[in-house]
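S.K.: show me how the following folds:
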Amino acid sequence: MSTARQRSAPGAHTRQDSTPDTAVQQLEERCIRLYTEEAPRYDQHRFGDWKGRFVERHIARLLRQTIRMAPGTRVLDVATGTGRAALVLAEGGGQVIGIDLVEAMLRAAHDKADRRTLSNAHFAVANARQLPFAEQSFDVLVCLRFFHFIPHPLRRAILVEMLRVVRPGGLLVLEFVNPFYGAIGALYRHVRATRTPMYLWPSQTKTLFAGADLLHVIGTYFPCAQRVARLHGPLGEALLELCRHFPWKHLASEKWYVLRKVPPPG
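M.R.: Numbers count the residues shown, from 1 in each chain. Sure, this is the predicted structure:
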């Protein structure tokens, strides 16, 4: 991002990145190419129609319910994209920093923050593998629509880095694609095939989330909800509310894992 357009991120500093292996580097370069091309139409394509606005309102409501913002709350939004989550949280107060690898997506986020006159939302190019922030810089870390790109062996290293910048007792809200949505049919297809890295399987959570307590899991979306809401709005909203709770959350297409960083011993 050009110096003139990028908002400096309070507390940011330069960290020396280790050289990524070829596969990781290729993944990052592919994502940068894809989303640089997509950036000018990303919001319109994803959230410009009736379905997109329905989903966007729902996610904004979940964010406000899950994260209680206050004047002193410090939030890091990793893989912020066009700032969808960052700007919702910034409207509640505190200081919000959104980071992403894709400069073009951050320009869109910056422009939206300007239009909403949100001076407490800042954006910067940064890599989730090497966050340019000191230890314990944030009260809350949010990461949505990111881990479905990340191979499972790399996820733990990213989680360690995320935990590093969150204060003890701070929250992390992380989204993963649920392998069980669609129930038996989907499970059969997924188990027959190679377990792709886009899913988070229950057996992987204990190791992945070491260093944090799992407070609760929220099912965020039923794929059919927008179709139902188009015919009957209150019923569609009820479906979305239902998928947050047991046992229905285990059939949601995505889940939010709400974690609290464990304070160090003693």
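S.K.: contacts only, for the residue nearest to N127 when sequence neighbours are not counted.
M.R.: Nearest non-adjacent residue to N127, counting by C-beta to C-beta, 6 or more residues apart in numbering: L101, 6.1 Å away. For every residue, glycine as well, the C-beta is placed using N, CA and C. Contact partners of L101, counting by C-beta atoms under 8 Å, 6 or more residues apart in numbering, are E28, C31, I32, A79, V125, A126, N127.
S.K.: surely H110 touches A124?
M.R.: No - taking contacts as C-beta atoms under 8 Å, H110 lies outside contact range of A124: 10.0 Å.
S.K.: mind checking how far the residue nearest to N127 is from P151?
M.R.: Going from L101 to P151 by C-beta to C-beta, to the nearest Å gives 16 Å.
S.K.: strand partners (parallel or antiparallel) of the helix or strand hosting L141?
M.R.: Element membership for L141, per DSSP states H and E: strand 138-143. Sheet pairing for strand 138-143, assigned by DSSP bridges, gives strand 74-78 (parallel), strand 166-177 (parallel).
S.K.: name the stretch among the ones you listed that sits most buried.
M.R.: Mean neighbours per residue, mean count of other C-beta atoms under 10 Å, is largest over the strands paired with strand 138-143 for strand 74-78, with a mean of 26.
S.K.: how many other residues sit next to the closest residue to V173 other than its chain neighbours?
M.R.: Closest residue to V173 apart from its sequence neighbours, by C-beta to C-beta, 6+ apart: V142 at 4.9 Å. Residues lying near V142 (other C-beta atoms under 10 Å) number 27.
S.K.: contacting residues around V142?
M.R.: L63, I67, V75, L76, D77, V78, A85, A86, L89, L172, V173.
S.K.: so what's it bridging to?
M.R.: V142 has these beta-bridge partners by DSSP bridges: D77, V173.
S.K.: which stretches in the stretch 151-266 of the chain count as helices?
M.R.: 152-165, 183-192, 202-208, 225-231, 233-242 (DSSP state H, counting those that start in this stretch).
S.K.: need the ones you listed in TSV with mean pLDDT, can you?
M.R.: TSV is the format used below for the helices of the stretch 151-266 of the chain (pLDDT from 0 to 100):
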stretch	mean pLDDT
helix 152-165	95
helix 183-192	54
helix 202-208	94
helix 225-231	82
helix 233-242	86
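S.K.: nearest to R41, of those helices?
M.R.: Counting by C-beta to C-beta, R41 lies closest to helix 225-231 out of those; the figure is 20.2 Å.
S.K.: list the buried ones in the closest one?
M.R.: For helix 225-231, burial by neighbour count (16 or more other C-beta atoms under 10 Å) applies to A225, Q226, V228, A229.
S.K.: out of those, which is nearest to P264?
M.R.: The closest of the buried residues of helix 225-231 to P264 turns out to be A225 (C-beta to C-beta; 41.5 Å).
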